[in-house]
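S.K.: Mind folding the following:
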Amino acid sequence: MSLPPKPAAIADEDWQHIEACIGGSLPAFERLYQQHGGRMKSIACNLMGNTSDAEDAVQESFLKVYRNIRSFQGHSSLSTWIYRILVNTCLDLKRKQRRQELPEATGSSEELAHPAGLTANHPLRLTLEKIVGRLDERPRNVFLLFEVEGFRHSEVADMLNISEAASKVALFQAKRELRRLLARSRDAARNQQ
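M.R.: Residues are numbered from 1 along each chain as shown. Okay, the predicted model is just below:
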């Protein structure tokens, strides 16, 4: 089996790891999972809204990485390629869930990754999860990837297959909508007092 030539943008050490994966080395794939599995779980939990679906998305994504590592061309970093597969898997699973949802199932079990100091049932956390869940898909995903996961706009753009400018616009829209929704929530809480 002939291996593709090493892309100029990929570091030699990373390419050796990729070559080992292309060659079918299980220890190389284990190392790849150890390097990226935790971050993949965090991203998936934020995008999917619960741990169970996130674990399914990570597992399916890693299988896709395993099956498609030969198609990695080095146009982006290996991690960006992996996270793009994950994001696409999450989006596909969410679309599939929406098609399968029953009309009476209106409850939401959003579970964003825990920001420092906020427990799972902290009132602010619950309010933020509810409000972030109301955002349209693209602004929500950009917000979660940029603000929660800490990716740069160029990485978010690669993962979501949009331009860097579109990522910035979506983040602006998400923040504007979050401010509006938080203000409305705060006003409603004051009126109840």
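S.K.: show me where pLDDT drops low in the protein?
M.R.: Along the chain, the model assigns pLDDT under 70 to residues 1-4, 102-122.
S.K.: max-length helix in the protein?
M.R.: helix 164-192 (DSSP state H).
S.K.: buried sites along that helix?
M.R.: For helix 164-192, burial by neighbour count (16 or more other Cβ atoms under 10 Å) applies to A166, S167, A170, L171, Q173, A174, K175, E177, L178, L181. (Each C-beta comes from the backbone N, C-alpha and C, glycine too.)
S.K.: wait, doesn't V142 sit right on A170?
M.R.: Yes: using Cβ atoms under 8 Å, V142 is in contact with A170, at 3.9 Å.
S.K.: buried ones in the helix or strand F62 falls within?
M.R.: Assigned by DSSP states H and E, F62 belongs to helix 51-68. When burial is assessed from 16+ other Cβ under 10 Å, helix 51-68 yields the following buried residues: D53, A54, A57, V58, E60, S61, F62, V65.
S.K.: Save those as JSON lines, and put in distance to I43 too.
M.R.: Putting those into JSON lines (distance: Cβ to Cβ, whole Å) gives the following:
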{"residue": "D53", "distance to I43": "12"}
{"residue": "A54", "distance to I43": "8"}
{"residue": "A57", "distance to I43": "9"}
{"residue": "V58", "distance to I43": "9"}
{"residue": "E60", "distance to I43": "13"}
{"residue": "S61", "distance to I43": "10"}
{"residue": "F62", "distance to I43": "13"}
{"residue": "V65", "distance to I43": "14"}
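S.K.: Farthest pair within these?
M.R.: Comparing all pairs in the buried residues of helix 51-68 by Cβ to Cβ, the longest separation belongs to D53 and V65, at 18.5 Å.
S.K.: farthest-separated two in the buried residues of helix 164-192?
M.R.: The span of the buried residues of helix 164-192, defined through Cβ to Cβ, is set by A166 and L181 at 21.8 Å.
S.K.: residues in contact with the spatially most central residue of the chain?
M.R.: For the chain, I43 is the residue whose C-alpha lies nearest the centre (Cα atoms, centre = their mean; 3.7 Å). By Cβ atoms under 8 Å, 6 or more residues apart in numbering, I43 lies in contact with Y83, L86, V87, C90, L144, L145, E149.
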